[in-house]
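[1] attaching a predicted model along with its sequence, questions to come.
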Amino acid sequence: MMIRLFHTLLLVLMLPTLASANSIRLKDLVEFDGVRGNDLVGYGLVVGLDGTGDGLRNSPFTEDIMGNILERLGVNVTGEDFRPNNVAAVFVTATLPPFARVGSTIDTTVSAIGDSSSLLGGTLIMTPLNAADGQIYAVAQGTILAGGVVAEGEAAQVTQGVPTSGVIPSGARVEREIDFELSSLSTMRLALREPDFTTAGRIERAVNREFGRNVAIMRDSGTVEIDIRATNARSTAHAVGRMENVLVEPERKARVVVDQRSGTIVMGSDVRISHVAVAQGNLTLSIEEAPLVVQPNPFTNGEQVVVPRTAVGIQEDVDVQLAEVRETTSLSEVVAGLNALGVSPRDMIDILKSLKAAGALHAEFVVR
């Protein structure tokens, strides 16, 4: 048996001609101060499961919440011994979007917290959702759409996906609004998702150009402050609506991202390599199994024995020479220089690591 060490290459290129020509909308680069969602969480009960609920002996909290719900519905279960297998305790999470109004609906995620094996076909009973301040902002209820499948027989079981978690589209109704008046703001800060002084300066100039006056000022690499009153807009919402579609060309760091598990290499358009010489050797590992069967002598009580015989060898290419990678000015030349070595993705990852260690790779090197 021969095993050759090689891996598949997935090289994603962000060509400089495309990166430099594409301008991005402002709303895709920044977060507007105050315009944000709020996380909600609740603890509830899923019913109607097909025998895949919590084992109440192992999950006593399920029995407690079930008893509380029945008590609120006027059913007295004090002292009763009921242990159904079609209910499960769950955590319910959701995000309250900015400016959500009472009566609007939001999506929810439901996740089992007991030993339930599947939430397929279950229905979430009315569950209050609280924010960090402890107040109830929404109430969730509905049929769960689980993202997994379970098939089992008497001697085997197979599970695909995660059947113990699911979603309820539009499964929660907003009952309380966040107290935030956008119109009361006299200034607004734009928070860059990727802080950079050059990008922040370009945002400042682009916004000022859009309004024809100085309404924006860069405070630091991650913040641009807008004077809402200086925009002469009818309201803060009108000013934001006009700003969010302003086009800005962001400046990004030169970066190489490597995923060692999958062999994926992603290079930014500004990656540069100094003039270097690289040599990479290839190894071939060979394993040969040739078991020998030893028969007992005739007319004896001996047993047949299989004697393992293994031959293992490592072969290294001896004709590997130094390859010259000249100083490059574009990503395509970097890739062409590395591909000229004729190496596999795993070898290319090792070469990039060595180039960074030698100071010849001028980019941030990220290994995942």
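    On my side now, so go ahead.
[2] quick one, helices of the stretch 151-300 of the chain?
    For the stretch 151-300 of the chain, applying DSSP state H, counting those that start in this stretch gives helices covering 197-211, 236-243.
[3] I'd like the distance from the last one to the chain centre, please.
    Using Cα atoms, centre = their mean, to the nearest Å, the distance from the centre of helix 236-243 to the centre of the chain it belongs to is 31 Å.
[4] tell me the contacts of the closest residue to residue 274 other than its chain neighbours?
    Using Cβ to Cβ, 6 or more residues apart in numbering and skipping residues adjacent in sequence, the residue nearest residue 274 is residue 360, 4.2 Å away. Bear in mind the C-beta positions are built from the backbone N, C-alpha and C, glycine included. Each residue near residue 360 by Cβ atoms under 8 Å, 6 or more residues apart in numbering is listed here: 273-276.
[5] again, only using 6 Å
    Contact analysis of residue 360 by Cβ atoms under 6 Å, 6 or more residues apart in numbering lists 273-274, 276.
[6] residue 256: which of the helices of the stretch 151-300 of the chain is closest?
    helix 197-211 (20.1 Å; Cβ to Cβ).
[7] which parts of the closest one are buried?
    Across helix 197-211, burial judged by 16 or more other Cβ atoms under 10 Å covers 199-200, 202-204, 206-208, 210-211.
[8] which stretch in the helices of the stretch 151-300 of the chain has the least confidence?
    For the helices of the stretch 151-300 of the chain, mean pLDDT drops lowest on helix 236-243, to a mean of 90.
[9] report the buried residues of that helix.
    Judged by neighbour count (16+ other Cβ under 10 Å), helix 236-243 contains these buried residues: 236, 239-240, 243.
[10] widest-spaced pair of those residues?
    Farthest-apart pair in the buried residues of helix 236-243 is 236 and 243; separation 10.5 Å (Cβ to Cβ).
[11] ok, and the most crowded of the contacts of residue 360?
    Top of these by neighbour number is residue 273, holding 21 neighbours under the definition other Cβ atoms under 10 Å.
[12] and that one, how far is that from residue 95?
    Distance of residue 273 to residue 95, computed by Cβ to Cβ, to the nearest Å: 43 Å.
[13] equivalent analysis for residue 252, please.
    28 Å.
[14] likewise for residue 244?
    Residue 244 is 20 Å from residue 95, by Cβ to Cβ.
[15] reformat the contacts of residue 360 as a markdown table; add distance to residue 349.
    Formatted as a markdown table, those follow (distance: Cβ to Cβ, whole Å):
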| residue | distance to residue 349 |
| --- | --- |
| 273 | 15 |
| 274 | 19 |
| 276 | 16 |
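[16] mind checking which of those residues are in strands?
    Among those, DSSP state E puts 273, 276 in strands.
[17] can you put the contacts of residue 360 in a markdown table and add pLDDT and distance to residue 39?
    Formatted as a markdown table, the contacts of residue 360 follow (pLDDT from 0 to 100; distance: Cβ to Cβ, whole Å):
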| residue | pLDDT | distance to residue 39 |
| --- | --- | --- |
| 273 | 78 | 44 |
| 274 | 76 | 47 |
| 276 | 71 | 49 |
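[18] possible to save the buried residues of helix 197-211 as TSV with distance to residue 351?
    Converted to TSV, the buried residues of helix 197-211 look like this (distance: Cβ to Cβ, whole Å):
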residue	distance to residue 351
199	31
200	35
202	35
203	37
204	41
206	40
207	43
208	46
210	46
211	50
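[19] check those and tell me the two furthest apart.
    Largest separation among those by Cβ to Cβ: 199 and 211, giving 19.1 Å.
[20] could you list the low-pLDDT ranges of the stretch 101-250 of the chain?
    Flagging of the stretch 101-250 of the chain using pLDDT under 70 yields the residue ranges 148-160.
[21] over to the stretch 251-368 of the chain?
    For the stretch 251-368 of the chain, the ranges with pLDDT under 70 are 278-289, 299, 310, 312-335, 337-338, 340-343.
[22] buried residues in the strand ranked longest in the chain?
    Longest strand of the chain, by residue count under DSSP E: strand 157-174. For strand 157-174, the neighbour count (16+ other Cβ under 10 Å) marks 163-166, 168, 171-174 as buried.
[23] sheet partners, orientation included, of that strand?
    Under the criterion DSSP bridges, strand 157-174 sits next to strand 105-112 (antiparallel), strand 136-143 (antiparallel), strand 145-152 (antiparallel) in its sheet.
[24] got the CA positions of the second one in PDB?
    The C-alpha coordinates for strand 136-143 follow below in PDB (Å, rounded to 0.1, in the frame of the first residue of the first chain):
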ATOM      1  CA  ILE A 136     -39.800  41.500  29.400                       C
ATOM      2  CA  TYR A 137     -39.600  42.800  25.800                       C
ATOM      3  CA  ALA A 138     -41.200  40.000  23.800                       C
ATOM      4  CA  VAL A 139     -43.200  36.800  24.200                       C
ATOM      5  CA  ALA A 140     -42.400  33.700  22.100                       C
ATOM      6  CA  GLN A 141     -44.600  30.800  21.000                       C
ATOM      7  CA  GLY A 142     -45.000  28.600  18.000                       C
ATOM      8  CA  THR A 143     -43.900  25.400  16.100                       C
END
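[25] re the thing from before, out of the buried residues of strand 157-174, which comes closest to residue 24?
    Lowest distance from residue 24 to the buried residues of strand 157-174 (Cβ to Cβ) belongs to residue 174, with 31.5 Å.
[26] I'd assumed residue 140 was in contact with that closest one.
    No: judged on Cβ atoms under 6 Å, residue 174 makes no contact with residue 140 at a distance of 10.7 Å.
[27] pull the contacting residues for the nearest residue to residue 40 once chain neighbours are set aside.
    Once flanking residues are discounted, residue 40 sits nearest to residue 129: 3.9 Å by Cβ to Cβ, 6+ apart. Residues counted as contacts of residue 129 (Cβ under 6 Å, 6+ apart) are 40, 42, 94, 138, 140, 172.
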